[in-house]
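J.: build me a model:
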Amino acid sequence: MGPMMFSRAAAVALLAALSACAVGPDFQRPAPPAASDYGTAPLKGETASVEGTAGNAQRFVADMDIPAQWWALFQSPKLTKLVEEALKKNPNIDAAQAALRQSHELYLAQKASFFPVVQGGLGASRAGVAANAIANPTVSTTSTYSLYTAQLSLSYSPDVFGGTRRSVEAAKAQVEASRFQLEATYLTLSSNVVVAAVQEALYRDLIATTQKTLELQHRLTETVRAQKEIGTASNLDLLTQESAEAQTAATLPPLQKQLGQTRDALTALLGRLPSGEPAETFQLDELTLPSDLPVSLPSKVVEHRPDVRQAEENLHVASAEVGVAVANLLPQFTLSGDTGSAALRISQLFGAGNGFWDLGASLTQTLFDAGALLHKRRAAVAALDQAGAQYRSAVVLACQNVADTLRALQADADALKASAQADRAAKTTLDTASRQYKLGTISLVAVINAELVFEQTELALVQARVNRYLDTAALFQALGGGWWNRSGESLNEQPRSARE
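T.: Residues are numbered from 1 along each chain as shown. Prediction:
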């Protein structure tokens, strides 16, 4: 009869837990932004265009979906290879995946709080009694005896006020926060690889342009030196040209340093030591500038941005923790029971008449703790306010990122067009000045000035081309990177899609 009553009590406790109401606020997802644009000037159908690398027009396409492998739009097999390698081997990915697994296991552990805890025990003891002082607790004629015990113990805390459910809710939300943290790591890492590759191409082009200019200046220096020897150029002319050549040469080492450091950064993104530098190198003319660019509404951006979704889940955690803190202020119920057998000989342990059982219930209410539980509830409410403010900040930042890149992309195209025009004009001016100098109609100073202007326009043109690549990558990152289109999801590798 004891075990039967034990089972009935446990069933009643489970029923009471399931029918209880959960204290604390019920989490509601924040409403998405109602804005229909980003406050920028109305987007043109397409950007300006110009001949040459990265000169094609880019079209802004409303609600265009983003592929999971958005970096493939640059049409560089080498870039795609390195991004995929980074996503597999970068230790930050391993850390984020481990954090996701950890939070998932903690969630499963927290779910176990819904069920009773059953423990089994087997004990043996040897005791002696004071024969002249107290009665022997056994029927033995000696003052010493052995006692063998086997028992099952059950303890259960019914979730009367929903504190356990709020704890499980918080743990589940933490799993989702870890999942979106993993997504943010994927997005940041892939974007950093693309940026590093484009920056490498930038420095290679800047170095090549500087070296070409340096060669031209060196030939001009030799020409002036020869003219000085025959008396057609002054010493001042020679010193001026040598100074211009030296100034250009001084800009080369910093560019080479930046190229080397960019290569080191790219190597580190692949999860390699500096000695494992990849064989792949990048040039601007090897990259294709995507022609179609997505433009999502702010309401879609907050749905797709991993950092915003993580902030939302952190808000969910904080909301559930308020419920936990409120439940801790209320009475705590506990049911317990034991059943087993005890005997003086181990061979009689499970014999008739040796069984025992007990059932118990308790209710505890904190009467005085110097306000500790009350302050913990207030702290939980403050944490909820903090999480709400952080979520709103994440939304503002996300929309700002998109607005910034949209402005930049339109300005980039205009800047490239202007730089190309300036470069052509400077090249024409330099060619004209060189011919006139050979004819003796202008001074060497005029040629040097024309050459310096051309050098500056060449460098500006390279930077303008690179800006279009960088800001295009920034737009894909700002819009969330298309993670919701990735297939082959698993707990250890891929996050779930944005279906919730």
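J.: quick one: low-confidence ranges for the stretch 1-150 of the chain?
T.: Applying pLDDT under 70 to the stretch 1-150 of the chain flags the ranges 1-21, 40-44, 130-141.
J.: how about the helices in the stretch 301-450 of the chain?
T.: Secondary structure of the stretch 301-450 of the chain, counting by DSSP state H, counting those that start in this stretch: helices at 306-328, 372-439, 444-478.
J.: then the stretch 101-250 of the chain?
T.: Using DSSP H, counting those that start in this stretch, helices in the stretch 101-250 of the chain cover 163-229, 235-250.
J.: what's the nearest residue to residue 204 if we skip its chain neighbours?
T.: Leaving aside its sequence neighbours, residue 204 sits nearest to residue 283 (CB to CB, 6 or more residues apart in numbering; 6.0 Å). Where you see a C-beta, it was placed from the backbone N, CA and C, and this is true even at glycine.
J.: also residue 35?
T.: Of all residues not flanking residue 35 in the chain, residue 298 sits nearest, at 4.9 Å (CB to CB, 6+ apart).
J.: tell me how many other residues crowd that neighbour.
T.: Using other CB atoms under 10 Å, residue 298 is surrounded by 19 other residues.
J.: let me see the contact set for residue 283.
T.: Residues counted as contacts of residue 283 (CB atoms under 8 Å, 6 or more residues apart in numbering) are 201, 204-205.
J.: at 10 Å instead, please
T.: Shown in contact with residue 283 (CB atoms under 10 Å, 6 or more residues apart in numbering): 53, 76, 200-201, 204-205, 208.
J.: by neighbours, which of the residues you listed wins?
T.: residue 201 (25 neighbours).
J.: any idea of the pLDDT on that residue?
T.: On pLDDT, residue 201 comes in at 95.
J.: repeat that for residue 361.
T.: Per-residue pLDDT puts residue 361 at 92.
J.: in the chain, which residue is most central in space?
T.: residue 184 (2.5 Å; CA atoms, centre = their mean).
J.: is it true that that residue touches residue 313?
T.: No: under the criterion of CB atoms under 10 Å, residue 184 makes no contact with residue 313, lying 11.7 Å away.
J.: about what we covered before: columns mean pLDDT on top of the helices of the stretch 301-450 of the chain, output as TSV?
T.: Shown next, in TSV, are those (pLDDT from 0 to 100):
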stretch	mean pLDDT
helix 306-328	96
helix 372-439	94
helix 444-478	90
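J.: so which of those helices is the most packed in?
T.: Of all these, helix 306-328 has the most neighbours on average by mean count of other CB atoms under 10 Å, namely a mean of 23.
J.: that one vs helix 372-439, what angle?
T.: Angle of helix 306-328 versus helix 372-439, following axes from the mean of the first three to the mean of the last three CA atoms, to 10 degrees, is 170 degrees.
J.: picking that back up, specify which member of the contacts of residue 283 is nearest to residue 289.
T.: Nearest to residue 289 among the contacts of residue 283, counting by CB to CB, is residue 53 at 8.2 Å.
J.: would you check how far apart the closest one and residue 71 are?
T.: Using CB to CB, to the nearest Å, residue 53 is found at 18 Å from residue 71.
J.: what does residue 422 give?
T.: In this view, residue 422 and residue 71 are 31 Å apart by CB to CB.
J.: got it, and residue 484?
T.: Separation of residue 484 from residue 71 (CB to CB): 16 Å.
J.: of these two, which one has the most company?
T.: Shown here are residue 484 and residue 71; by other CB under 10 Å, residue 71 has more neighbours (22 against 17).
J.: who's in contact with the residue nearest to residue 296 when sequence neighbours are not counted?
T.: Of all residues not flanking residue 296 in the chain, residue 479 sits nearest, at 5.5 Å (CB to CB, 6+ apart). Residues counted as contacts of residue 479 (CB under 10 Å, 6+ apart) are 64-66, 70, 293-296, 300-301, 304-305, 398, 401-402, 405.
J.: about what we covered before: out of the contacts of residue 283, what pair is the most spread apart?
T.: Across the contacts of residue 283, no pair lies farther apart than 76 and 208, at 18.7 Å, counting by CB to CB.
J.: and residue 318, what is it in contact with?
T.: Contacts for residue 318 were tallied using CB under 10 Å, 6+ apart; they are 25, 27, 170, 173, 380-388, 390-391.
J.: and which of those residues is nearest residue 323?
T.: Among these, and counting by CB to CB, the member closest to residue 323 is residue 25, at 6.9 Å.
J.: fine by me, we can end here.
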